[in-house]
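A.B. asks: My questions are about this predicted structure, shown below with the sequence.
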Amino acid sequence: MKENLLKLLFLLILIFSLFLLTLENVEAEIVNPGTLGGLGNNAHDVNNLGQVVGWASTDEGVEHAFLYNSADDTFTDLGTLGGYYSCAMGINNNGQVVGYSYISETHKRAFLYDGTTMTDLGTLGGNYSFAMGINNNGQVIGYSYNDAGHKRAFLNENGVMTDLGTLGGVHSVALDINDFGQIVGYSNSDTGQVHAFLYENNTLTDLGSLGGGVRMAKAINNKGQIIGWSSNIYDERHAFLYEDGVMKDLGTLGGMHSDATDINESGKIVGHSYTGFGEIHAFVYEKGTMTDLDTLGGSLSYASSINDDDQIVGRAMTSSGEKHAFLYYNGMMTDLDIFAGFYRTGF
């Protein structure tokens with residue numbers, strides 16, 4: 001038994017080390033930041049109206065962005081920009097949706113969906129762009145390749161895409177924006193390491209770390225509270241809360257690693273963590289306590305977003321090994337069963 005546990009521990013350390021090497025290079029295309037476990041169909045964001053966005057398979061077996069409205073139990077395929085694939089990453093309280101879509105077999109573009117039309121937001125000169133979030137003022141953030149082939153964080157406002165710069169390196173990615181225009185994400189530094197940043201007043205600020213060399217900021221609320229993950233002095237990846245200039249370690253569910261992915265206006269934080277048994281479970285963090293949200297019967301779950309009504313969305317594994325989007329509310333995880341043809345068994 002002890003030997004098996006040691007083997008499992010070694011495997012987890014190896015997987016995480018390879019993940020860090022990928023991050024430090026920042027050359028791989030980052031289209032789904034913060035995943036642990038390689039899950040499939042997913043709900044990425046939920047607004048205060050209970051509208052959920054993400055991506056799921058169609059009857060033809062290709063992935064399309066979707067919009068699910070929990071109020072009337074309707075499900076909408078948002079289509080694409082002409083290519084075969086699209087993914088919705090964010091939605092604001094006005095129902096505007098952002099994400100990315102193929103426009104051809106090889107080119108991807110950030111999009112804005114206004115309820116009827118999906119609009120190509122362009123790029124910073126390269127062939128690819130990805131919208132990752134939108135605030136209630138319609139400001140869109142994400143990242144785009146520039147004409148030099150580097151990934152750069154952007155702000156798209158009134159149809160104009162602005163390069164936000166870097167922390168000294170050549171790559172940066174913006175992941176969230178609040179209603180005051182404060183933007184968070186990550187960038188490589190002049191030494192090549194990946195650092196979390198806050199962008200405000202036309203300036204990128206390095207948020208520091210929990211002692212390690214790699215970190216990412218994932219989300220920011222209107223109070224300026226920032227969450228994400230950072231490596232520590234033991235090369236473990238831990239979720240953090242950054243406020244008043246201080247980065248706080250949120251701990252784990254008993255395992256080595258955790259990752260915070262979203263925070264609402266009351267300061268409740270969601271994410272995922274390794275448990276003491278080596279599984280990956282979604283969590284909600286509130287008042288100093290990290291609570292395990294469990295799964296849909298399998299060994300994996302991942303929380304993507306939480307709204308101000310404490311509705312949580314993400315993805316989880318079922319007892320049969322399938323990966324389903326879920327909505328967690330009032331202590332219950334509901335299987336949205338988003339699969340081929342957007343077929344659902346009921347809400």
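C.D. replies: All right, it came through fine.
A.B. asks: list the contacts for the closest residue to D206 other than its chain neighbours?
C.D. replies: Leaving aside its sequence neighbours, D206 sits nearest to H195 (CB to CB, 6 or more residues apart in numbering; 5.1 Å). From N, CA and C alone the C-beta is placed, and that goes for glycine too. Contact analysis of H195 by CB atoms under 8 Å, 6 or more residues apart in numbering lists 167, 186-189, 206-207, 209, 214-215.
A.B. asks: Buried ones among those?
C.D. replies: 167, 186-188, 207, 209, 214-215 (16 or more other CB atoms under 10 Å).
A.B. asks: Now go through the residues you listed and say which are in strands.
C.D. replies: Using DSSP state E, the subset of these located in strands is 186-188, 214-215.
A.B. asks: from those residues, which is closest to D77?
C.D. replies: Y186 (31.5 Å; CB to CB).
A.B. asks: That closest one is in contact with L198, isn't it?
C.D. replies: No - look at Y186 against L198 with CB atoms under 8 Å: they stay out of range, at 10.8 Å.
A.B. asks: Overlap of the contact sets of those two?
C.D. replies: A217.
A.B. asks: Among the ones in strands among the buried ones among the contacts of H195, which one sits closest to G61?
C.D. replies: G61 has its nearest neighbour among those in Y186, at 33.2 Å by CB to CB.
A.B. asks: quick one: the closest residue to the closest one other than its chain neighbours and L81, what's the gap?
C.D. replies: Residue nearest to Y186 in three dimensions, not counting chain neighbours: M216, with 4.3 Å by CB to CB, 6+ apart. Using CB to CB, to the nearest Å, we find M216 at a distance of 28 Å from L81.
A.B. asks: Between those two, which has more neighbouring residues?
C.D. replies: Neighbours were tallied for M216 and for L81 using other CB atoms under 10 Å; the higher tally belongs to M216 (27 against 20).
A.B. asks: ok, then the element right after the helix or strand bottoming out on mean pLDDT in the chain?
C.D. replies: Every helix and strand of the chain was ranked by mean pLDDT, DSSP states H and E. The lowest is helix 2-25, at a mean of 37. Sequence-wise, the next helix or strand downstream of helix 2-25 (DSSP states H and E) is strand 42-46.
A.B. asks: partner strands of that following strand, parallel or antiparallel?
C.D. replies: Strand 42-46 has its sheet partners listed here by DSSP bridges as strand 51-57 (antiparallel).
A.B. asks: how far out from the middle of the chain is the partner strand?
C.D. replies: Relative to its parent chain, strand 51-57 has a centroid offset of 13 Å by CA atoms, centre = their mean, to the nearest Å.
A.B. asks: what does it rub up against?
C.D. replies: 41-46, 63-71, 86-91, 95, 97, 99, 304, 313, 325, 327, 336, 338-342.
A.B. asks: which of the residues in it are buried?
C.D. replies: 51-57.
A.B. asks: quick one: which of those residues is nearest to A131?
C.D. replies: Nearest to A131 among the buried residues of strand 51-57, with distances taken as CB to CB, is V53, at 11.5 Å.
A.B. asks: Can you give me the end-to-end span of stretch 267-284?
C.D. replies: 10 Å (CA to CA, to the nearest Å).
A.B. asks: Report the buried residues of it.
C.D. replies: Going by 16+ other CB under 10 Å, stretch 267-284 has these buried residues: 268-274, 279-284.
A.B. asks: The residues you listed in strands, which ones?
C.D. replies: Going by DSSP E, the strands hold 269-274, 280-284 from these.
A.B. asks: Please tell me how far the host helix or strand of H238 is from the chain's geometric centre.
C.D. replies: For H238, the host element (DSSP H and E) is strand 237-243. Averaging C-alpha positions (CA atoms, centre = their mean) puts strand 237-243 15 Å from its chain's average.
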